[in-house]
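I'd like to go over a predicted model; first the sequence, then the structure.
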Amino acid sequence: MSEANNGRNSSIPRGYHPEDTKARKEWVKKYANIDLDDNLRDESVDLKGIIENHVGFLNLPMAVVGPLLVDGKYAQGEFCVPICTVEGTLAMSMNRGMYATRASGGIRVRHVRQEISRAPFFTFPDIDKATRFNSWIDDHLGEIRDVAESTTNHGKLLRIEIYNISKYVVLDFIFSTANAAGQNMVTIATKAACEYIKNETSFHYLLDSNFASDKKASAKTILKGRGHYVVAETVLTSQVLKRILNTAAKDFRAMQEFGPYASSFAGNQGIQLHISNALTAIYLATGQDVACVAENSLGYTQIKGFNDGTDLHVSLTTPSLTVGTVGGGTRLKQQRQNLEMLGCTQGKDSSKKFAEIICASSLCLEISLLSAIISGDWESAHAKYGRR
């Protein structure tokens, strides 16, 4: 499976011995120009804002997978992707998907938008006052925006969506948060805006109505997105399907015909196999808020093209990737090093680039598991590689 690429060997060294780990670090150095140092340690005084009651550090095993070949709006070229997991075969499976897509020409990925919201609610004595409040908000949107944006150097209030529910009004404050994931940013900005509204109108509020669906799967998040909205696609050639994935395009017919139906019957939010696995592994390695996987795993995988001898089109839509490249756990030393490995620590669009890499990596894991289920290799792979 080794191929020469710009003088580099694209095959990650295998094995579990110390010399194998050393060889992989050397491979990363050649491929990504990063000296991986797993002895980096953050000082306790630097953990303010990240954790309270600190007592130490928990080691998690980390792997690299790739190279991932991406043609994105912000992510261009090949990437070594760091992941943390305790699930045997996950790294191998994601790596197989990356190898298959790379051999087929790579993955096209496009960042669609970045929006995150906080949704407080105001209370009124009757529905007349509640509905008149809508017009007041529209008439004073400029002042509200100025107050909200005064709390942040980078956040921008894009709009306020208004929802009347009985004698309550939900104001969904929707922000762009630059390179930050932005949950704290939008909370602080929305609080300032709501205080201004309360002082001007005398109506009372609570800062969160649960309407924003923060860290929860919801139909709202599927339709409107939360965080980065990204779409990825690839075309797997018939040769790659046969040689690397042990399948053919026609073999995917049953999965595409019945899989979405079964998901709908079960009441699943989203139609995909397990992008939460990819998201969690990358989030742990890069200092993201892992609880966001609850809302971020609302993906949609689609496959097309089933005739003998044809290629296979596979796409993944991720309407919610609540990730950032600044703030929170991204300032931890090892997590920062991993973002540097991805080239996602510089530039005004580094979080968009990061989101495109995440979506493309998730698509690779989807492709590998789809193929393993269809070919019958799923159970045998776990039996062979997922045990000690």
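Perfect, thanks for sending it.

residues in contact with the residue positioned nearest the centre of the chain?
Residue closest to the average C-alpha location in the chain (Cα atoms, centre = their mean): residue 321, at 3.7 Å. By Cβ atoms under 8 Å, 6 or more residues apart in numbering, the residues touching residue 321 are 227-230, 279, 296, 355, 358-359. (C-beta placed from N, C-alpha, C; glycine too.)

now swap in residue 95 and tell me
By Cβ under 8 Å, 6+ apart, the neighbours of residue 95 are 12, 65-66.

please tell me how far it sits from residue 255.
22 Å (Cβ to Cβ, to the nearest Å).

mind listing residues that contact stretch 155-171?
115, 119-127, 129-131, 133-134, 137, 141, 144-145, 148-149, 172-178, 180, 182, 185-186, 189, 193-194, 209, 211.

repeat that for 6 Å
Residues outside stretch 155-171 that contact it (Cβ atoms under 6 Å, 6 or more residues apart in numbering): 119-124, 126-127, 130, 133-134, 145, 148-149, 172-177, 185, 189, 209, 211.

kindly report the same for stretch 361-368.
81, 93-94, 96-98, 101, 232, 273, 275, 278, 301, 314, 316.

helices - which of the residues you listed land there?
Among the contacts of stretch 361-368, the members falling in helices (DSSP state H) are 93-94, 96-98, 101, 275, 278.

any chance of those in TSV, with neighbour count and pLDDT too?
Converted to TSV, the ones in helices among the contacts of stretch 361-368 look like this (neighbours: other Cβ atoms under 10 Å; pLDDT from 0 to 100):
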residue	neighbour count	pLDDT
93	27	96
94	29	97
96	23	96
97	31	97
98	31	98
101	26	98
275	26	96
278	31	98
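
quick one: which two of those are the most distant?
Greatest spatial distance among the ones in helices among the contacts of stretch 361-368 (Cβ to Cβ): 96 and 275, at 15.9 Å.

so where's the stretch 1-150 of the chain uncertain?
Within the stretch 1-150 of the chain, the stretches falling below the threshold (pLDDT under 70) are 1-9.

now, which of the contacts of residue 321 lie within strands?
Secondary structure from DSSP state E places 227-230 of the contacts of residue 321 in strands.

what's the closest of those residues to residue 247?
Among these, residue 230 lies closest to residue 247 (Cβ to Cβ), at 25.8 Å.

what distance separates stretch 328-343 from the centre of its chain?
15 Å (Cα atoms, centre = their mean, to the nearest Å).

list the buried residues in that stretch.
Buried residues in stretch 328-343, counted by 16 or more other Cβ atoms under 10 Å: 328-332, 334-339, 341-343.

need those in TSV (columns: pLDDT, secondary structure and distance to residue 157).
Formatted as TSV, those follow (pLDDT from 0 to 100; DSSP: H, G, I helix; E, B strand; the rest coil; distance: Cβ to Cβ, whole Å):
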residue	pLDDT	secondary structure	distance to residue 157
328	93	helix	21
329	96	helix	26
330	97	helix	23
331	96	helix	26
332	96	coil	30
334	96	helix	34
335	97	helix	29
336	97	helix	29
337	97	helix	34
338	97	helix	32
339	98	helix	27
341	96	helix	34
342	97	coil	29
343	96	coil	30
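
how about those residues in CSV, adding distance to residue 243?
Listed next are the buried residues of stretch 328-343 as CSV, based on distance: Cβ to Cβ, whole Å:
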residue, distance to residue 243
328, 42
329, 39
330, 38
331, 43
332, 40
334, 36
335, 36
336, 38
337, 35
338, 31
339, 34
341, 29
342, 28
343, 30
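
this completes my enquiry, with thanks.
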